[in-house]
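*Asks:* give me a model of this one.
(2 chains)
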Amino acid sequence: MNQSRGLSLLLVTPALIVVLALFVYPLFYSLVSAFTDRAGSFSLENFDKALELYLTDTIFTVVIIGVSTALIALVSIAIGGYLTLGENRRAVAMLAWLYRWPLFVPFIVAAQCMRTFLAKNGLMNNTFVSLGLMDVASTQSFLDWRGIIVTFVWKQAPFVTLMVAGAMASLDRSTIDAARNLGASRLRILLEIVVPQVRGTLMVGLILSFVTMMSVLSVPIMISGGSPTMMTVDMAYRINAHGDYGVANALGFISYLLTGAAAYFYLRQSVRERSA
Amino acid sequence: MIGALNLGWLPRAIILGLLAFAIFGPLANLALWAFAEAWFFPNKLPSQWGFRFWEVVFRPTGRAMEALSVSIWIALLTVAVSLAVSIPAGLALARGRLPWRALIMLAFLLPQAFPSLPVYINVARIFYQFGLNGTVAGVVLVHTLHGLVFAVWITTAAFASVDKELEQAARNLGASGLRTFFTVTLPLAAPGIVASAIFVFLESLDEFTGSYFVGAPEIQTLPLTMFLASMGGNYQISSITALILLVPSIGFMLIVERFLKADVMAKMGN
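*Replies:* All right, here's what the predicted structure looks like:
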């Protein structure tokens, strides 16, 4: 069914209006609010205050999400690699069945699970103690920055793995088989043949994860109540406790910049690779 | 010699076992709390088991049941609004001669490229001026935005995977454009559209951040109820509520491949 240009535009208009009204407009609204002081004129006052109060939290956020992203990359390459190159058919089937369980678990449910699992008296420590790997006195709670990272990796790694494993499965097998016939180890095949070919998919998955983790409010609140905390918690606090949209939007702008930087490095790298 | 050969499975089994523990351990802990009537430090397991808190949650007058029906109602409305705008958009993007197609596709990608929380803060501020804060309509709109990106992409892929020759055959036999759409194109794209509907439904059911800023405290969805119970230290109520939220999520995970067939997945992002 080929429609005219006019009809096509008409069909796409309602969806565009939703995006423009509920995303683009509020986005500009937040930019204006971030760069405006209480008197209504242009200023960087909000950024001064945001950095003065929340510089530590900003660094904390970058470190947590950076480490989580790196771990997600490692886990997804390892699982995807085994699914593609694994020789034991039963282990491959079990792994394929196993890894995707957290895929659609909501963040808030993941946070609630981890809140109990990683606690000092949680199932993780209790299991280690029962197995004799640890004694009760040396157990510690992981409900701090480590807990946030664990929750993020638990929830997001299956998503990136799904994308990466899909890309790996559609690769041309002949180079892999040739390398194997020449005696290359599986690890070498993974790192030198498979990963370079799925790099694009991996990066897209990681950037989507990065942006998602930058927006999660429930996990930092529920896993680690104390300070330092993540920027999302600070934004919610500025709004709920002070009605301070200026500083909240300044923090929001900083979080746009951080995701923008992540996307920029990816784009620059892929452009460089294409021109090389 | 034989023994040494047979031990080859051991590291593999240990790694798979550890992975299974890492994946199911947190879920198991949640399930334990849902059936624990009493669980105090330093007991490794609950000292008293039972359904007492289930009765509290499922009491018809209970807050959780009310939140569940609010959540389902919001999710159904979100699916309706989402499909109403994403089916025509998907059709135009897949089949139409659309001017500025790349730019329009970019607009549908944009919400994925920015953290959503700062945007929701400002949506709430704008909604406040229109009296949409704390209303079902306001929450439905926020959830629609949240699900729309995926809905548009999946429906576009679904329409793109329909064989054009079948549509041409219907037209050659004298069917009108509209009739061809409803009797050929739409039924063939249906599995993809159903997948996008389920996806939008789940995203809405599970959504927390947008509801927190736009809906609360007037609109109490299930995730908001769960959050409040957890922060209030009531682990039984929050775990049971979390289990209710888990059922559709796990169910979808198990059947997703039946709907999102390889031919639709292959058209994604084209």
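
*Asks:* identify the residues contacting B:Leu77.
*Replies:* With contact set as CB atoms under 8 Å, 6 or more residues apart in numbering or on different chains, B:Leu77 has these partners: B:136, B:140. C-beta: built from backbone N, CA, C; applies to glycine.

*Asks:* export stretch A:242-252 as PDB, just CAs?
*Replies:* Provided in PDB are the C-alpha atoms of stretch A:242-252 (Å, rounded to 0.1, in the frame of the first residue of the first chain):
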ATOM      1  CA  HIS A 242      12.400  22.700  48.300                       C
ATOM      2  CA  GLY A 243      10.300  23.100  45.100                       C
ATOM      3  CA  ASP A 244      13.700  24.200  43.700                       C
ATOM      4  CA  TYR A 245      13.300  23.500  39.900                       C
ATOM      5  CA  GLY A 246      16.300  25.700  39.000                       C
ATOM      6  CA  VAL A 247      18.900  23.500  40.800                       C
ATOM      7  CA  ALA A 248      17.000  20.300  39.800                       C
ATOM      8  CA  ASN A 249      17.100  21.200  36.200                       C
ATOM      9  CA  ALA A 250      20.700  22.300  36.400                       C
ATOM     10  CA  LEU A 251      21.500  18.700  37.700                       C
ATOM     11  CA  GLY A 252      19.200  17.400  34.800                       C
END
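
*Asks:* is chain B contacted by it?
*Replies:* Yes: counting by CB under 8 Å from any CB of the partner chain, chain B has neighbours in stretch A:242-252: A:245, A:248-249, A:251-252.

*Asks:* hey, where'd the helices end up in the stretch 1-150 of chain A?
*Replies:* A:5-19, A:25-34, A:45-85, A:89-98, A:107-117, A:123-130, A:145-169 (DSSP state H, counting those that start in this stretch).

*Asks:* check these for me and report the most buried one.
*Replies:* Ranked by mean neighbour count, those are led by helix A:107-117 with a mean of 27 (mean count of other CB atoms under 10 Å in any protein chain shown).

*Asks:* and it with helix A:123-130, angle?
*Replies:* 30 degrees (axes from the mean of the first three to the mean of the last three CA atoms, to 10 degrees).

*Asks:* helix A:107-117 to helix A:145-169, inter-axis angle?
*Replies:* In terms of direction (the same axes, to 10 degrees), helix A:107-117 departs from helix A:145-169 by 130 degrees.

*Asks:* which residues sit against helix A:107-117?
*Replies:* Here helix A:107-117 makes contact (CB under 8 Å, 6+ apart) with A:102, A:105, A:122-124, A:143, A:147, A:150-151, A:154-155, A:216, A:218-219, A:221-223, B:25-27, B:29-30, B:32-33, B:206, B:208, B:223, B:226-227, B:230, B:235, B:238-239, B:242, B:245-246, B:249.

*Asks:* just checking, B:Ile104 touches B:Leu93?
*Replies:* Yes: counting by CB atoms under 8 Å, B:Leu93 is a contact partner of B:Ile104 at 7.2 Å.

*Asks:* give the contact list for the residue in the stretch 101-250 of chain B positioned nearest to chain A.
*Replies:* Nearest residue of the stretch 101-250 of chain B to chain A (CB to the nearest CB) works out as B:Pro118 at 2.6 Å. Contacts for B:Pro118 were tallied using CB under 8 Å, 6+ apart; they are A:30, A:235, A:248-249, A:251-253, A:255-256.

*Asks:* my read is B:Leu132 is in a strand, agree?
*Replies:* No: assigned with DSSP: H, G, I helix; E, B strand; the rest coil, B:Leu132 falls outside any strand and is coil.

*Asks:* that one: how many residues sit nearby?
*Replies:* 19 (other CB atoms under 10 Å in any protein chain shown).

*Asks:* now it, nearest residue through space, not along the chain?
*Replies:* Setting aside the residues directly before and after it, B:Leu132 is nearest to B:Gly138 in space (CB to CB, 6 or more residues apart in numbering or on different chains), at 3.7 Å.

*Asks:* show me what stretch A:183-193 is in contact with.
*Replies:* Outside stretch A:183-193, the residues touching it (CB under 8 Å, 6+ apart) are A:77, A:81, A:84-85, A:175-176, A:179-180.

*Asks:* now those residues as TSV including pLDDT and distance to B:Trp100?
*Replies:* Listed next are the contacts of stretch A:183-193 as TSV, based on pLDDT from 0 to 100; distance: CB to CB, whole Å:
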residue	pLDDT	distance to B:Trp100
A:Ile77	96	37
A:Gly81	94	40
A:Thr84	91	39
A:Leu85	90	43
A:Thr175	87	39
A:Ile176	88	41
A:Ala179	88	45
A:Arg180	87	47
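
*Asks:* okay, the helices of the stretch 1-150 of chain A in TSV with distance to B:Leu186 next?
*Replies:* As requested, the helices of the stretch 1-150 of chain A are exported to TSV (distance: least, CB to CB, whole Å):
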stretch	distance to B:Leu186
helix A:5-19	14
helix A:25-34	32
helix A:45-85	35
helix A:89-98	33
helix A:107-117	34
helix A:123-130	48
helix A:145-169	27
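
*Asks:* name the nearest residue to residue 109, sequence neighbours excluded.
*Replies:* Went with chain A since none was named. Counting by CB to CB, 6+ apart, the residue nearest A:Val109 is B:Ala242, at 4.5 Å.

*Asks:* other chain: chain B
*Replies:* B:Val149 (7.1 Å).

*Asks:* same question, A:Thr201
*Replies:* Closest to A:Thr201 by CB to CB, 6+ apart is A:Ala167, at 3.9 Å.

*Asks:* check contacts around the one you found.
*Replies:* A:Ala167 neighbours (CB under 8 Å, 6+ apart): A:80, A:197-198, A:200-202.

*Asks:* could you check how far it is from B:Gly192?
*Replies:* Separation of A:Ala167 from B:Gly192 (CB to CB, to the nearest Å): 20 Å.

*Asks:* can you pull up the most central residue in chain A?
*Replies:* Residue closest to the average C-alpha location in chain A (CA atoms, centre = their mean): A:Ser209, at 2.7 Å.

*Asks:* please identify the helix or strand for that residue.
*Replies:* Element membership for A:Ser209, per DSSP states H and E: helix A:195-214.

*Asks:* go on, B:Ile193?
*Replies:* Short version, using DSSP H and E: B:Ile193 is in helix B:186-206.

*Asks:* could you see whether chain A lies near that helix?
*Replies:* Yes: using CB under 8 Å from any CB, helix B:186-206 comes into contact with chain A via B:202, B:206.

*Asks:* related to what we said a few turns ago, for B:Glu66, state which of the contacts of B:Pro118 is nearest.
*Replies:* Using CB to CB, A:Met235 comes nearest to B:Glu66 of those, at 29.1 Å.

*Asks:* got a list of what the closest one touches?
*Replies:* A:Met235 neighbours (CB under 8 Å, 6+ apart): A:248, A:251-252, B:117-118, B:121.

*Asks:* pull out the buried positions in stretch B:153-166.
*Replies:* B:153-162 (16 or more other CB atoms under 10 Å in any protein chain shown).

*Asks:* quick one: distance of the biggest helix by length in chain B to the chain centre.
*Replies:* The longest helix of chain B (DSSP state H) is helix B:63-95. With CA atoms, centre = their mean, to the nearest Å as the basis, helix B:63-95 stands 11 Å off its chain's centre.

*Asks:* what's the angle between that helix and helix B:186-206?
*Replies:* 140 degrees.

*Asks:* on that earlier part again, report all helices and strands that the helix holding B:Ile193 contacts.
*Replies:* Applying 3 or more CB pairs under 8 Å, 6 or more residues apart in numbering or on different chains; DSSP states H and E, we find helix B:186-206 packed against helix A:107-117, helix B:63-95, helix B:136-160, helix B:235-259, helix B:262-267.
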